[in-house]
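> Any chance you can model this:
(one chain, ligands or ions: 1)
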Amino acid sequence: MIKNIEIHETAFITSMFRAMNASLSKDYYSKLWNNKRTKIWVTDYLKEVSSEEVDTHCVRNRFFLEKIQQLIKEAKIDILINFGSGFSMYPFLLNESIEHIEIDKPDIIDYKRHKVSNWVQTGELPEREIHFLGVDFESDYKEELYTKIQKIKKNKRSFVLIEGVLFFLNKNQTDTLFGFFNEIQKQGDYLGSVSFNSTVKKTKAFLRLLNFFNERISKTSKDDYLTLENNFYKEKSTYKIKEHKDYFMYFKELKNTVNLKETDILNENFYLLEKIK
Ligand SMILES: C[S@@+](CC[C@H](N)C(=O)[O-])C[C@H]1O[C@@H](n2cnc3c(N)ncnc32)[C@H](O)[C@@H]1O
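Have a look, this model is predicted:
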């Protein structure tokens, strides 16, 4: 067993899941991030937490990829701003017509910038317009990040995405981030968010996840992981929910059948919001 997984290293795990069923995730580039160390965690994780985690991660990527693709087709967005972007590969999966801002912790961003630039040079990735910004959401980032984003974004219509991140933040940090999204976005812009609701904490899979993290990351309790109810999104006065699906709903829509019992699955919620004022 490899101990001491850092939270940011979960980004490697997420990428490997997406690579393990690329026909479902439609992420044909995530395999570039595969490495031996991650393979060991992934094998342990699938065995100890939930074997459905490959598909849950693939379906999440597929949901947002399709929503963003559709909005590009309808000429409704010009820039994708991915908060906690990890090693997600949307810039390369989407049409080159839009620009990208990728935001994550500085070490992840520096590593991604370096790897991506090498892969573009070797022809393994197509060229895209990506701005990489290193930021820690636990710090006092608002003013500086606002200036940097505005310089790039100007008057462009944006899609803000936050997936696989909120679980690791606290409620204050989350409220601050959503307040920040509201400041950088304008009417007609889109926001994609992924979160668990509190029922996940009653599942066997969640208890196993807690054990997995406790053994490998640090001793935590169930209260250290953030869940959000639908009302968190519904009550936003400047956004309206355009679409809300969970893993079960979207997996079924994609004509797949779930193999495990509900209690053995970490069911995430996918929200698509539109800024209305
Ligand atoms: C599970 S990964 C998900 C990555 C990506 N969104 C995806 O779905 O593939 C979580 C990401 O959130 C980032 N993250 C977690 N806490 C953060 C913080 N305080 N500030 C900035 N990024 C953070 C991690 O570095 C990591 O890349």
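> Checking the closest residue to the ligand within the chain next. Helix, strand or coil?
Going by C-beta to the nearest ligand atom, the ligand is nearest to Gly86 of the chain, at 2.5 Å. Where C-beta positions appear, they are placed from N, C-alpha and C, glycine not excepted. Under DSSP: H, G, I helix; E, B strand; the rest coil, Gly86 falls in the coil class.
> low-scoring pLDDT stretches of the stretch 1-150 of the chain, where are they?
Scanning the stretch 1-150 of the chain for pLDDT under 70 picks out 1-8.
> Could you list the contact residues of it toward the ligand?
Applying C-beta under 6 Å from any ligand atom, one finds that the stretch 1-150 of the chain approaches the ligand through 7-8, 10-11, 14, 84-86, 88, 104-105, 108, 135-138.
> got the phi/psi numbers for Asn259?
Main-chain dihedrals, Asn259, degrees, to the nearest 10: phi -90, psi -30.
> My understanding was that it contacts Thr56; is that so?
No. Between Asn259 and Thr56 there is no contact under C-beta atoms under 8 Å: 12.0 Å.
> Please report how far Thr14 lies from Asn35.
Note on Thr14: its distance to Asn35, by C-beta to C-beta, to the nearest Å, is 13 Å.
> Mind checking which of the two has more residues around it?
Each of Thr14 and Asn35 has its neighbours counted (other C-beta atoms under 10 Å); Thr14 has more, 23 against 11.
> and the more buried one, what element?
In the assignment (DSSP states H and E), Thr14 maps to helix 10-20.
> cool, and Ile40?
helix 36-48.
> Can you list the buried residues in that helix?
For helix 36-48, the neighbour count (16 or more other C-beta atoms under 10 Å) marks Thr38, Trp41, Val42, Tyr45, Leu46 as buried.
> Which residues does that helix contact?
Contact with helix 36-48 is made by 1-2, 5, 9, 12-13, 15-17, 20, 53-54, 208, 211-212, 216, as judged by C-beta atoms under 8 Å, 6 or more residues apart in numbering.
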